[in-house]
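Undergrad: All I have is the shape, not the residue letters:
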Ligand code: FCB
């Protein structure tokens, strides 16, 4: 039996998913195409040509999935809303069938005693907006605010807190700088306007939510950056990387200004995209909570290629996930205490909105799925979280990635992150050993909470 950790009263337990990774039903009920439909169809873009066309068929099987969540005893469920279901062309009135799906999902969650925590944008931009340059176009920020109003007007009576964007850093770098995620643009530093326009979209959407009395969060992918050595060159490189990965998407919201990106040859106008008043709009609505997605730390050395002011160095001597990501639980404590030290009173309460690991899980002959490496990963990271709390960091909840094995972007169905195994041929769901472990952990905390 997992032992309860020393966590604040009211600490919330959850799981996270994202629309394109689980829903399938890409042509149903008037959904328009997204950049991920287009990108996945591009030969060679996704491993083995996998796509999200069916994924976990959650669009039809959501009652079964909500029952699995209820079995865990969750407080909250973080999912994302597919913009192309609400506005098939990224503009204009809402598609009633699209809204109706999330309406049903929200009601099913509430009936199960689970608080919905929707993310408005988890990377599946309507293709029509990409045809007009996607997040490189300032107009997309305004479209995002309009879409937010449509969804908030429908669900805001039952959904108290909202996440605007998921990991704008990863979306900018993988989607616009390197071209390994949708929309598949490889612009390197010319991708930076996609950072500014996502942040502007956050600010405009945050105002829409706040006007309706709703709480606002963002889910940022954050990583503690460790210099590869104590040499000055490695430290300078680490500072540059930290500005790009961590500060670029957090400083403007919490502090009202961009970090120093001069190491990249970029000025405070981010390649000419920042207009008067933009930074005010980005910071105008204070966050009610900062969502932190944490997977691993990053080790950075002096550049070897003149195009960038850093190189990523491998982290040696630690276990690795099936995805080959280093497992460093204490990195979470380091990250959380570092955020507190950096932002002080400007830091809102934190919720871990993603944390988890990929394991090469397959059912054994007896049908069970024994994923001890995942249990070890989660237990280690929760110990690190509790250590950060003991050091005074205000952490209010933990949402693990993910409920189900799902479509892992460029890796297709090859990386399994779920507490529940999905057989993608039959759609059969099998709770793994980690599912029972997480359920027992939540039960142990509930017993403490209810005294
Ligand atoms: C995060 C994404 C999420 C999932 C995990 C493994 O970067 O937000 O959709 O793919 O990684």
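TA: Perfect, I can see it now. Not measured: the values here are computed from a predicted model. Numbering: from 1, shown residues only.
Undergrad: residue boundaries of the strands in the stretch 51-200 of the chain?
TA: For the stretch 51-200 of the chain, strands defined by DSSP state E, counting those that start in this stretch occupy the ranges 76-80, 115-121, 161-166.
Undergrad: what's the last one in contact with?
TA: Around strand 161-166, the neighbours that count as contacts under Cβ atoms under 8 Å, 6 or more residues apart in numbering are 18, 78, 80, 115, 117-123, 148, 152, 171, 198, 201-202, 205-206, 209, 214-219, 288-289, 291, 293, 353. For glycine as for every other residue, the C-beta is placed from the backbone atoms N, C-alpha and C.
Undergrad: ditto for the first one
TA: Residues external to strand 76-80 that are found in contact with it (Cβ under 8 Å, 6+ apart): 12-19, 66, 69, 105, 109, 114-122, 124, 163, 166, 219, 353, 397, 399, 403.
Undergrad: among those residues, which are within reach of the ligand?
TA: Taking Cβ under 6 Å from any ligand atom as the test, the ligand is in contact with 18, 166 out of the contacts of strand 76-80.
Undergrad: Buried only: go through the contacts of strand 76-80 for me.
TA: 12-19, 66, 69, 105, 109, 114-122, 124, 163, 166, 219, 353, 397, 399, 403 (16 or more other Cβ atoms under 10 Å).
Undergrad: quick one: residue 267 is in a strand?
TA: No: read with DSSP: H, G, I helix; E, B strand; the rest coil, residue 267 is coil and lies in no strand.
Undergrad: Residue 212 is in contact with residue 152, correct?
TA: Yes: using Cβ atoms under 8 Å, residue 152 is in contact with residue 212, at 5.3 Å.
Undergrad: More neighbours: those two, which one.
TA: A direct count of neighbours by other Cβ atoms under 10 Å for residue 152 and residue 212 places residue 152 higher, at 21 against 14.
Undergrad: check contacts around that one.
TA: By Cβ under 8 Å, 6+ apart, the contact set of residue 152 is 162, 208, 209, 212, 214.
Undergrad: again, but for residue 239
TA: Residue 239 neighbours (Cβ under 8 Å, 6+ apart): residue 263.
Undergrad: Work out for me the element it sits within.
TA: helix 232-242 (DSSP states H and E).
Undergrad: List the buried residues for that helix?
TA: By 16+ other Cβ under 10 Å, the buried positions in helix 232-242 come out as 234, 236, 237, 238, 239, 240, 241, 242.
Undergrad: need the residues you listed in TSV with distance to residue 45 and pLDDT, can you?
TA: Listed next are these as TSV, based on distance: Cβ to Cβ, whole Å; pLDDT from 0 to 100:
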residue	distance to residue 45	pLDDT
234	34	98
236	35	98
237	30	98
238	32	98
239	34	98
240	29	98
241	26	98
242	30	98
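Undergrad: Could I get those residues in TSV, plus columns for distance to the ligand?
TA: Converted to TSV, the buried residues of helix 232-242 look like this (distance: Cβ to the nearest ligand atom, whole Å):
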residue	distance to the ligand
234	26
236	27
237	23
238	21
239	23
240	22
241	17
242	18
